[in-house]
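**Student:** Quick check, what structure comes out for this input:
(chains A and B)
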2 protein chains.
Amino acid sequence: MDHLYEKTTKTKDIYKGKIIDLHLEEVELPNGKMSSREVVKHPGAVAIIPITETGELVLVRQYRKALDKVIIEIPAGKLEPGEDPLESAKRELEEETGYKSEKLDFIVSFYTSPGFANELIYMYVTDTLIKGVSHTDEDEFLDVLEVSLDEALEMVKDQRIHDAKTAYAIQYLQLRELGKA
Amino acid sequence: MDHLYEKTTKTKDIYKGKIIDLHLEEVELPNGKMSSREVVKHPGAVAIIPITETGELVLVRQYRKALDKVIIEIPAGKLEPGEDPLESAKRELEEETGYKSEKLDFIVSFYTSPGFANELIYMYVTDTLIKGVSHTDEDEFLDVLEVSLDEALEMVKDQRIHDAKTAYAIQYLQLRELGKA
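**Tutor:** The predicted structure follows:
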């Protein structure tokens, strides 16, 4: 057992929702004292870096209630129960942008907010987009835009892009252009 | 008003916690239909990329109850009420690693999980570390480690580093070394 481990002595289910659940866990700390931890359970998600034939990055503008504003992100969405992340990425790419791709390359996965949530994002990149028709979920509304890497870098600097996975994606594209990704 | 805006018609407070609150918001979608959104409110956080005199990245190993495992991250912590992010970054750096710095440079801020939470992270880098003594919060236990950039890149590849802000930080260091950050 890792010396940093915290043993849960009691779990209280606070909320079971459409997308997230909230638990309150009573834990025994490494020094034997008691504390509590608030834990958000999330099904996990995928995000896609879609690059057009002319080298532009495909982004989506979407209203996010948690922020009470419209923000710009790479296409992304949560995993359906039991869904393979690669299949989920293909589905979300097409639903949100209208682009299909049969060749999505896995880059990385990471936890977005390990301090309070278990959301894990699987990230993919694709340079082989086939134009189709978008068809978002019934409670999902968004605009699609396509920008050059230089524009995307400007958008991170002036916070028009203000989202962690999208900032990561743009760094990835910078490194790829330099032959370092 | 942005055409993607969702008007909240009712907010239900589900939980008020130590770190996060959970609300359920009934919204009117852009097409006039009703839906609901689960929203986690978080005070915001800071993260620091601390580089030692010999060019090593300072990381912390910490048990995260949300993941039920120990993970490796750059030093980070949540904002105290009313706290300036720069002061918070200095405080967290010293608390978690024992290193002090008077020169932290702001890099970027971003939302970590805009689909369900409003956590905003402010990220700083510092190359001027002064060795001191760590003194974590009473419910916080962690190990400090120092790794080269090459080791850090390996750790992202094999998922010993599996955290979004830390993966971002390592890309930032790669780009900085190439004169591109």
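
**Student:** for chain A, which strand is longest?
**Tutor:** strand A:7-16 (DSSP state E).

**Student:** Tell me the helices and strands packed up against that strand.
**Tutor:** Packing partners of strand A:7-16 (3 or more CB pairs under 8 Å, 6 or more residues apart in numbering or on different chains; DSSP states H and E): strand A:21-28, strand B:7-16. Any C-beta I mention is one placed from the backbone N, CA and C, and that applies to glycine too.

**Student:** Tell me which of the ones you listed is the most buried.
**Tutor:** strand A:21-28 (a mean of 18; mean count of other CB atoms under 10 Å in any protein chain shown).

**Student:** what residues does it touch?
**Tutor:** A:6-15, A:34-41, B:14-15, B:17, B:22, B:40, B:65 (CB atoms under 8 Å, 6 or more residues apart in numbering or on different chains).

**Student:** Can you list the strands that that strand pairs with?
**Tutor:** Strand A:21-28 pairs in its sheet with strand A:7-16 (antiparallel), strand A:34-41 (antiparallel), by DSSP bridges.

**Student:** can you give me the helices for chain A?
**Tutor:** A:85-97, A:149-157, A:164-177 (DSSP state H).

**Student:** Including distance to B:Gly132 and mean neighbour count, could these go into JSON lines?
**Tutor:** Supplementary listing: these in JSON lines, determined by distance: least, CB to CB, whole Å; neighbours: other CB atoms under 10 Å in any protein chain shown:
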{"stretch": "helix A:85-97", "distance to B:Gly132": "43", "mean neighbour count": "21"}
{"stretch": "helix A:149-157", "distance to B:Gly132": "33", "mean neighbour count": "15"}
{"stretch": "helix A:164-177", "distance to B:Gly132": "30", "mean neighbour count": "22"}
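
**Student:** Go through those helices and name the closest to chain B.
**Tutor:** Nearest to chain B, of all the helices of chain A, is helix A:164-177, at 4.1 Å by CB to the nearest CB.

**Student:** what does the domain assignment say about chain A?
**Tutor:** A:7-41, A:45-177 (automatic domain parsing).

**Student:** which residues are contacting the least confident helix or strand in chain A by mean pLDDT?
**Tutor:** In chain A, no helix or strand scores lower on mean pLDDT, DSSP states H and E than strand A:130-131, which sits at a mean of 93. Residues from elsewhere that reach strand A:130-131 (CB under 8 Å, 6+ apart): A:Gly98, A:Tyr99, A:Lys100, A:Ser101.

**Student:** Give me the subset of the residues you listed lying in strands.
**Tutor:** Using DSSP E, the contacts of strand A:130-131 in strands are A:Tyr99, A:Lys100.

**Student:** Any quick ChimeraX command for the buried ones out of the contacts of strand A:130-131?
**Tutor:** For the buried members of the contacts of strand A:130-131, the matching ChimeraX selection, counting by 16 or more other CB atoms under 10 Å in any protein chain shown, is:
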select /A:98,99,101
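
**Student:** Of the contacts of strand A:130-131, just say which sits nearest to A:Tyr172.
**Tutor:** Nearest to A:Tyr172, judged by CB to CB, of the contacts of strand A:130-131 is A:Ser101 at 16.8 Å.

**Student:** neighbours of the residue nearest to the closest one when sequence neighbours are not counted, just the number please.
**Tutor:** Excluding the flanking residues, the one nearest A:Ser101 by CB to CB, 6 or more residues apart in numbering or on different chains is A:Thr126, at 4.2 Å. A count of nearby residues for A:Thr126, using other CB atoms under 10 Å in any protein chain shown, gives 20.

**Student:** can you pull the contacts of A:Thr126?
**Tutor:** A:Ile48, A:Ile49, A:Pro50, A:Ile51, A:Leu93, A:Ser101, A:Lys103, A:Leu104, A:Asp105.

**Student:** can those go into JSON lines with extra columns for distance to A:Ile74?
**Tutor:** Formatted as JSON lines, the contacts of A:Thr126 follow (distance: CB to CB, whole Å):
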{"residue": "A:Ile48", "distance to A:Ile74": "6"}
{"residue": "A:Ile49", "distance to A:Ile74": "6"}
{"residue": "A:Pro50", "distance to A:Ile74": "8"}
{"residue": "A:Ile51", "distance to A:Ile74": "11"}
{"residue": "A:Leu93", "distance to A:Ile74": "10"}
{"residue": "A:Ser101", "distance to A:Ile74": "14"}
{"residue": "A:Lys103", "distance to A:Ile74": "17"}
{"residue": "A:Leu104", "distance to A:Ile74": "12"}
{"residue": "A:Asp105", "distance to A:Ile74": "14"}
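
**Student:** picking that back up, what is the mean pLDDT for the longest strand of chain A?
**Tutor:** The average pLDDT for strand A:7-16 rounds to 98.

**Student:** gap between it and the chain center?
**Tutor:** 26 Å (CA atoms, centre = their mean, to the nearest Å).

**Student:** Over to stretch A:53-68?
**Tutor:** For stretch A:53-68 - counting by CA atoms, centre = their mean - the centre lies 12 Å from the chain centre.

**Student:** hmm, that stretch touching chain B?
**Tutor:** Yes: looking at stretch A:53-68 against chain B by CB under 8 Å from any CB of the partner chain, the contacts come from A:Arg61, A:Gln62, A:Tyr63, A:Arg64, A:Lys65, A:Ala66, A:Leu67.

**Student:** Stretch A:156-164 now?
**Tutor:** Yes: among the residues of stretch A:156-164, A:Val156, A:Gln159, A:His162, A:Asp163, A:Ala164 lie within reach of chain B under CB under 8 Å from any CB.
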